[in-house]
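> got a structure for you, letters missing:
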(Lines give C-alpha, C1' and ligand atoms only; values in the text may rest on other atoms or scores of the structure.)
Protein backbone atom coordinates (compact mmCIF):
# COMPACT_ATOMS: atom_id res chain seq x y z
CA UNK A 1 0.00 0.00 0.00
CA UNK A 2 2.69 2.52 1.01
CA UNK A 3 4.87 1.55 -1.94
CA UNK A 4 1.94 2.04 -4.34
CA UNK A 5 1.20 5.46 -2.82
CA UNK A 6 4.83 6.57 -3.14
CA UNK A 7 5.04 5.31 -6.73
CA UNK A 8 1.80 7.12 -7.66
CA UNK A 9 2.85 10.40 -6.02
CA UNK A 10 6.45 10.51 -7.29
CA UNK A 11 5.76 12.23 -10.67
CA UNK A 12 3.34 14.71 -9.11
CA UNK A 13 5.80 15.56 -6.34
CA UNK A 14 8.59 16.02 -8.86
CA UNK A 15 6.47 18.43 -10.92
CA UNK A 16 5.16 20.38 -7.92
CA UNK A 17 8.59 20.70 -6.31
CA UNK A 18 10.13 21.86 -9.59
CA UNK A 19 7.40 24.48 -9.99
CA UNK A 20 7.71 25.84 -6.43
CA UNK A 21 11.47 25.63 -5.95
CA UNK A 22 12.53 28.72 -7.87
CA UNK A 23 10.10 31.04 -6.08
CA UNK A 24 11.12 29.71 -2.67
CA UNK A 25 14.85 29.99 -3.34
CA UNK A 26 15.49 26.31 -2.73
CA UNK A 27 16.36 23.25 -4.74
CA UNK A 28 13.57 20.97 -6.05
CA UNK A 29 15.29 17.97 -4.50
CA UNK A 30 15.28 19.63 -1.08
CA UNK A 31 11.56 20.29 -1.32
CA UNK A 32 10.90 16.71 -2.46
CA UNK A 33 12.92 15.33 0.41
CA UNK A 34 11.09 17.47 2.97
CA UNK A 35 7.68 16.42 1.60
CA UNK A 36 8.62 12.72 1.56
CA UNK A 37 9.63 13.09 5.19
CA UNK A 38 6.31 14.75 6.04
CA UNK A 39 4.45 11.96 4.23
CA UNK A 40 6.34 9.25 6.09
CA UNK A 41 5.65 10.96 9.42
CA UNK A 42 1.95 11.23 8.53
CA UNK A 43 1.77 7.58 7.45
CA UNK A 44 3.31 6.54 10.75
CA UNK A 45 0.94 8.57 12.92
CA UNK A 46 -2.33 9.16 11.01
CA UNK A 47 -2.21 6.81 8.06
CA UNK A 48 -2.51 7.85 4.41
CA UNK A 49 -4.19 11.17 3.64
CA UNK A 50 -7.76 10.93 2.28
CA UNK A 51 -6.82 12.94 -0.83
CA UNK A 52 -3.11 12.12 -1.49
CA UNK A 53 -2.64 14.44 -4.54
CA UNK A 54 -4.30 17.37 -2.73
CA UNK A 55 -2.32 16.70 0.43
CA UNK A 56 0.88 16.53 -1.60
CA UNK A 57 0.23 19.90 -3.32
CA UNK A 58 -0.43 21.56 0.04
CA UNK A 59 2.64 19.94 1.59
CA UNK A 60 4.88 21.18 -1.24
CA UNK A 61 3.52 24.71 -0.90
CA UNK A 62 3.95 24.61 2.89
CA UNK A 63 7.55 23.45 2.56
CA UNK A 64 8.22 26.12 -0.08
CA UNK A 65 6.83 28.79 2.28
CA UNK A 66 8.95 27.46 5.13
CA UNK A 67 12.03 27.55 2.92
CA UNK A 68 11.23 31.05 1.66
CA UNK A 69 10.78 32.40 5.21
CA UNK A 70 13.99 30.75 6.35
CA UNK A 71 15.83 32.37 3.45
CA UNK A 72 14.40 35.80 4.32
CA UNK A 73 15.46 35.45 7.96
CA UNK A 74 19.00 34.42 7.13
CA UNK A 75 21.58 37.17 7.45
CA UNK A 76 25.23 37.04 6.46
CA UNK A 77 27.66 36.71 9.32
CA UNK A 78 29.18 40.13 9.95
CA UNK A 79 31.67 39.01 12.56
CA UNK A 80 35.38 39.51 12.38
CA UNK A 81 37.02 38.22 9.22
CA UNK A 82 39.07 35.06 9.67
CA UNK A 83 42.65 35.64 10.69
CA UNK A 84 44.64 34.28 7.77
CA UNK A 85 47.92 34.99 9.53
CA UNK A 86 47.27 32.47 12.30
CA UNK A 87 47.48 28.80 11.36
CA UNK A 88 44.28 26.81 11.28
CA UNK A 89 43.69 23.30 12.64
CA UNK A 90 44.93 21.62 9.46
CA UNK A 91 48.19 23.60 9.63
CA UNK A 92 48.64 22.55 13.26
CA UNK A 93 48.12 18.90 12.27
CA UNK A 94 50.65 19.14 9.43
CA UNK A 95 53.20 20.85 11.67
CA UNK A 96 52.77 18.19 14.34
CA UNK A 97 53.26 15.45 11.72
CA UNK A 98 56.47 17.11 10.49
CA UNK A 99 57.76 17.39 14.07
CA UNK A 100 57.01 13.69 14.69
CA UNK A 101 58.85 12.73 11.49
CA UNK A 102 61.84 14.86 12.52
CA UNK A 103 61.95 13.34 16.02
CA UNK A 104 61.76 9.82 14.56
CA UNK A 105 64.62 10.59 12.18
CA UNK A 106 66.69 12.07 15.02
CA UNK A 107 66.27 8.82 17.01
CA UNK A 108 67.69 6.86 14.03
CA UNK A 109 70.91 8.92 13.87
CA UNK A 110 74.21 7.17 14.67
CA UNK A 111 76.45 7.68 17.73
CA UNK A 112 75.81 10.62 19.98
CA UNK A 113 73.93 12.55 17.30
CA UNK A 114 70.48 11.76 18.77
CA UNK A 115 71.43 13.31 22.11
CA UNK A 116 73.05 16.33 20.45
CA UNK A 117 70.08 16.97 18.14
CA UNK A 118 67.58 16.53 20.99
CA UNK A 119 69.54 19.11 22.98
CA UNK A 120 69.53 21.49 20.01
CA UNK A 121 65.79 20.96 19.46
CA UNK A 122 65.00 21.32 23.16
CA UNK A 123 62.33 23.90 24.05
CA UNK A 124 64.68 25.05 26.85
CA UNK A 125 66.79 26.85 24.20
CA UNK A 126 70.09 25.68 25.67
CA UNK A 127 73.34 27.52 24.96
CA UNK A 128 76.32 25.78 23.35
CA UNK A 129 78.05 25.81 26.75
CA UNK A 130 75.07 24.07 28.39
CA UNK A 131 74.81 21.51 25.58
CA UNK A 132 78.54 20.77 25.71
CA UNK A 133 78.35 20.32 29.48
CA UNK A 134 75.31 18.06 29.19
CA UNK A 135 76.96 15.86 26.54
CA UNK A 136 80.39 15.87 28.16
CA UNK A 137 82.24 17.25 25.12
CA UNK A 138 84.21 20.44 24.58
CA UNK A 139 82.37 23.49 23.38
CA UNK A 140 84.83 23.83 20.46
CA UNK A 141 83.95 20.38 19.07
CA UNK A 142 80.22 21.06 19.28
CA UNK A 143 80.08 22.98 15.96
CA UNK A 144 81.77 20.30 13.82
CA UNK A 145 79.77 17.57 15.60
CA UNK A 146 76.55 19.48 14.92
CA UNK A 147 77.47 19.85 11.22
CA UNK A 148 78.17 16.12 10.93
CA UNK A 149 74.88 15.22 12.65
CA UNK A 150 72.90 17.64 10.48
CA UNK A 151 74.43 16.05 7.38
CA UNK A 152 73.36 12.61 8.58
CA UNK A 153 69.88 13.92 9.37
CA UNK A 154 69.62 15.53 5.93
CA UNK A 155 70.51 12.22 4.27
CA UNK A 156 67.90 10.41 6.38
CA UNK A 157 65.15 12.91 5.63
CA UNK A 158 65.85 13.39 1.90
CA UNK A 159 64.00 10.23 0.75
CA UNK A 160 61.00 11.05 2.98
CA UNK A 161 60.79 14.66 1.83
CA UNK A 162 61.23 13.65 -1.83
CA UNK A 163 58.46 11.05 -1.49
CA UNK A 164 56.09 13.62 0.00
CA UNK A 165 56.83 16.22 -2.67
CA UNK A 166 56.41 13.76 -5.54
CA UNK A 167 52.79 13.05 -4.51
CA UNK A 168 51.71 16.51 -3.66
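Arrived safely. Being a predicted model, the structure only gives us computed values, none of them experimental. Numbering: from 1, shown residues only.

> would you map the helices across this protein?
Here the chain has its helices, by DSSP state H, at 2-24, 28-45, 52-73, 89-107, 113-121, 128-135, 139-167.

> now those helices in TSV, with distance to residue 79?
Yep, even glycine has a C-beta here, placed from its N, CA and C like the rest. Below are the helices of the chain laid out as TSV (distance: least, CB to CB, whole Å):
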stretch	distance to residue 79
helix 2-24	28
helix 28-45	27
helix 52-73	18
helix 89-107	18
helix 113-121	38
helix 128-135	47
helix 139-167	36
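
> deepest-packed of those helices, please.
helix 113-121 (a mean of 18; mean count of other CB atoms under 10 Å).

> counting by contacts, list what it packs against.
Applying 3 or more CB pairs under 8 Å, 6 or more residues apart in numbering; DSSP states H and E, we find helix 113-121 packed against helix 89-107, helix 128-135, helix 139-167.

> off-centre distance for the longest one?
For helix 139-167, the distance between its averaged C-alpha position and the chain's averaged C-alpha position is 32 Å (CA atoms, centre = their mean, to the nearest Å).

> pLDDT averaged over that helix, what's the number?
Here helix 139-167 scores 79 as its mean pLDDT.

> got the angle between that helix and helix 128-135?
90 degrees (axes from the mean of the first three to the mean of the last three CA atoms, to 10 degrees).
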